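Chemist: after the sequence you'll find the predicted model.
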Amino acid sequence: MSNIIKVGNITFGDDALPIIAGPCVIENRDHSLFMAEAIKNICSKVGLPFVFKSSFDKANRSAVGSFRGPNMDEGLRVLSDVKNEVGVPVLTDVHLPNQCASVGEVVDILQIPAFLCRQTDLLIAAGETGKLVNIKKGQFLAPGKMIHAVEKVKFTGNNNILLTERGASFGYDLVSDMTSIPIMQSLGYPVIFDATHSAQIPGIGFDTRIKVKNIMQPIENVATVKKEDTLRKVVLEMTKKPQGAALVLGDDSLLIGIITEGDLRRCLAAEGDIDSMRVSEIMTSNPIAIDLEALANDTVTLMENRKSQISVLPVIKENVKSCVGLLRLHDVFQTGGQRDMIPTLARAAVAAGCDGLFMEVHDNPAMAKSDAATQWPLDKLEDLLISIKRIREAVLG
């Protein structure tokens, strides 16, 4: 039986099912406040407690050039504003022992990243704040081994501890073993399930199982023009939405053509007049496209089999040429997860008896600055939480 752990008016380890949710990384103050308020309203409507989560520094990115977030001082100011203005508890990661005291003055829960769950100095520094410490289980650890991380925090006299399951390494992928939930609960502390990171495919690389719909750029993020528009309109639209191409659409979003950056460069090199020339003069008519439900492997085959290799593909729905987005070769090889598996994992964890759910949520996942492939869309959150609550009620009987 787990201890009951409290933070403010929220309890972990009883019949409640708190939701820890928010964008992966703090992108700016306004976005954080908007997301916190929106998720709070959804959780209140469904009847689930809510803790806001966002990171001021993503120090464990795969690529050195990845966006990491604001600095600690700015990030803590944003989290303080969320806490005070939205009125919800807040959680954020710490990566270094010397961050813990300052972070502990602002947030309600300090989170230890999975890769750092054995770092003694970090665990002790977090414990010494007296705040609730959420320790993510390393992907490389058996669940029972988390007793050692627990003991390091308890060594400080702090018994406010959560444990989080976020998948286990299996080859180069992750699998979720739901037996880890009761095993870690037997250590005496509530166990949270991280539904979004558990859907990740670690590192950067090509995975044949990913569907086009999970990695494409949605139509609202892509430049779209009409065939009668001027090329200046194309340049302006592609500047606002720089995805490497502009889609030429007809009535009912039917795909009739595409203009790539290469097309524009060739036109300008030939001294074309962008104010008088029309889209129809340089566009590729009836371009090859990929279906929304196709697999990434099909996409690469399609691109490579062309005599002149292409790096962008319009995405259509149900082979009716209704255009719903654009897929870039870059997107295929930067995939990092299976978003459509998140509901399956979340529901399974709740059925297995977890004490709370951790989810990264974004209002526009495709444009998220971190973990874009596995952030859950805000507009789909309510439906998912409703189904989760029903499962929880069934488990409790």
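Modeler: Okay, I see it.
Chemist: in this structure, where is pLDDT below threshold?
Modeler: 1-2, 58-69, 172, 202-209, 300-310, 319-321, 329-336 (pLDDT under 70).
Chemist: the helix or strand encompassing Val133 - contacts with which helices or strands?
Modeler: Using DSSP states H and E, Val133 sits in strand 132-136. Packing partners of strand 132-136 (3 or more C-beta pairs under 8 Å, 6 or more residues apart in numbering; DSSP states H and E): strand 109-112, helix 120-128, helix 147-154, strand 161-165. All C-beta spots, glycine's among them, are computed from the backbone N, C-alpha and C.
Chemist: dump the ones you listed to a markdown table, plus mean neighbour count and distance to Cys100.
Modeler: Converted to a markdown table, the helices and strands packed on strand 132-136 look like this (neighbours: other C-beta atoms under 10 Å; distance: least, C-beta to C-beta, whole Å):
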| stretch | mean neighbour count | distance to Cys100 |
| --- | --- | --- |
| strand 109-112 | 26 | 6 |
| helix 120-128 | 21 | 4 |
| helix 147-154 | 18 | 11 |
| strand 161-165 | 27 | 15 |
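Chemist: now these in CSV, with distance to Asp275?
Modeler: Below are the helices and strands packed on strand 132-136 laid out as CSV (distance: least, C-beta to C-beta, whole Å):
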stretch, distance to Asp275
strand 109-112, 54
helix 120-128, 60
helix 147-154, 64
strand 161-165, 57
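Chemist: just to revisit the earlier point, only alpha carbons, please: show the strand holding Val133 as CSV.
Modeler: Coordinates of each C-alpha in strand 132-136 appear next as CSV, following Å, rounded to 0.1, in the frame of the first residue of the first chain:
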residue,chain,number,x,y,z
LEU,A,132,7.7,16.8,-3.1
VAL,A,133,10.2,14.9,-5.3
ASN,A,134,9.1,13.0,-8.4
ILE,A,135,11.7,10.5,-9.5
LYS,A,136,11.4,9.1,-13.0
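Chemist: who's in contact with it?
Modeler: 5, 7, 20, 91, 108-114, 117, 123, 126-127, 146, 149-150, 153, 158, 160-164, 166, 192, 194 (C-beta atoms under 8 Å, 6 or more residues apart in numbering).
Chemist: thought Pro343 was touching Ala199, still the case?
Modeler: No. Applying C-beta atoms under 8 Å, one finds Ala199 not in contact with Pro343, separated by 9.7 Å.
Chemist: and those two? which has more neighbours close in?
Modeler: Taking neighbours as other C-beta atoms under 10 Å, Ala199 and Pro343 compare with Ala199 leading, 27 against 17.
Chemist: so how far is Leu174 from the more buried one?
Modeler: Distance of Ala199 to Leu174, computed by C-beta to C-beta, to the nearest Å: 8 Å.
Chemist: try Asn214
Modeler: 16 Å.
Chemist: ok, which stretches of the chain are helices?
Modeler: Taking DSSP state H, the helices of the chain run over residues 29-46, 72-81, 100-104, 120-128, 147-154, 180-185, 231-240, 261-269, 279-282, 296-304, 329-333, 342-351, 381-396.
Chemist: and of those, who's closest to Asp363?
Modeler: helix 29-46 (6.6 Å; C-beta to C-beta).
Chemist: buried residues, that closest one. List them.
Modeler: 29, 31-33, 35-40, 42-43, 46 (16 or more other C-beta atoms under 10 Å).
Chemist: how about stretch 229-236?
Modeler: Per 16+ other C-beta under 10 Å, stretch 229-236 contains these buried residues: 229-231, 233-235.
Chemist: turn the helices of the chain into a markdown table, including distance to Gly13.
Modeler: Converted to a markdown table, those look like this (distance: least, C-beta to C-beta, whole Å):
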| stretch | distance to Gly13 |
| --- | --- |
| helix 29-46 | 18 |
| helix 72-81 | 24 |
| helix 100-104 | 22 |
| helix 120-128 | 18 |
| helix 147-154 | 14 |
| helix 180-185 | 9 |
| helix 231-240 | 49 |
| helix 261-269 | 55 |
| helix 279-282 | 60 |
| helix 296-304 | 41 |
| helix 329-333 | 41 |
| helix 342-351 | 15 |
| helix 381-396 | 13 |
